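Asks: Task: produce atomic coordinates for the following.
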Amino acid sequence: MRYCFTLQVRTDRMPEYVERHAAVWPEMQQALRDSGWRNYSLFLRDDGLLVGYVESDDLAAAQRAMAATEVNARWQAEMTEFFQQDGRPDESFVLLPEIFHLVVGIESSSASAAPRHAPRGTGESSTMLRIEDAPPAPRCTHLNTAATRRTSGADHLDETDEV
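Replies: Got it, this is the predicted structure:
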């Protein structure tokens, strides 16, 4: 299953937080793998919003397995000071519900492609969009204003020219 969560990193500590994650201890990475964490990624916005994504067969079991490791106790002790939330970050993140998932490479007639949250009585084809079924991208037009001429050097374009 896929999981997404958020935490809030203190903005005054963001540079060091990023540095620490550029060199996550190998034993911490191995403990995550051994505990059932897969495809784990962190994304950080410039206001400190941290978004995490992880895949696991059972996140609660994976969290319990990590909580039982010595390396996680050390890592969490070092990471706690970076967050606005009280307590250990691995115990205080907020899970977000998945509301959409695009499955690529599975035919639309496949029953396994139906999202687990599809409304009752609807077929998978009514809730999923296959890439090949997507409408073509809209054509862009360029508005020839003085500001766009100055920034784009496009003196020869008018309101209907396509770019």
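Asks: Average pLDDT for the one helix or strand Leu7 maps to, rounded please.
Replies: Taking DSSP states H and E as the definition, Leu7 sits inside strand 2-8. Mean pLDDT, strand 2-8: 96.
Asks: Only the buried residues of that strand, if you could.
Replies: By 16 or more other C-beta atoms under 10 Å, the buried positions in strand 2-8 come out as 3-5, 7-8. Using the backbone N, CA and C atoms, a C-beta is placed for each residue, glycine as well.
Asks: is it fair to say Met14 lies in a helix?
Replies: Yes - checked against DSSP: H, G, I helix; E, B strand; the rest coil, Met14 lies within a helix.
Asks: Would you map out the domains in this protein?
Replies: Following automatic domain parsing, the chain resolves into domains at 2-96, 130-163.
Asks: Run through the chain and note the low-pLDDT ranges.
Replies: Filtered on pLDDT under 70, the chain yields the residue ranges 107-163.
Asks: what about the helices in it?
Replies: Along the chain, counting by DSSP state H, helices occupy 14-22, 26-34, 59-67, 70-79, 89-92, 124-127, 146-152.
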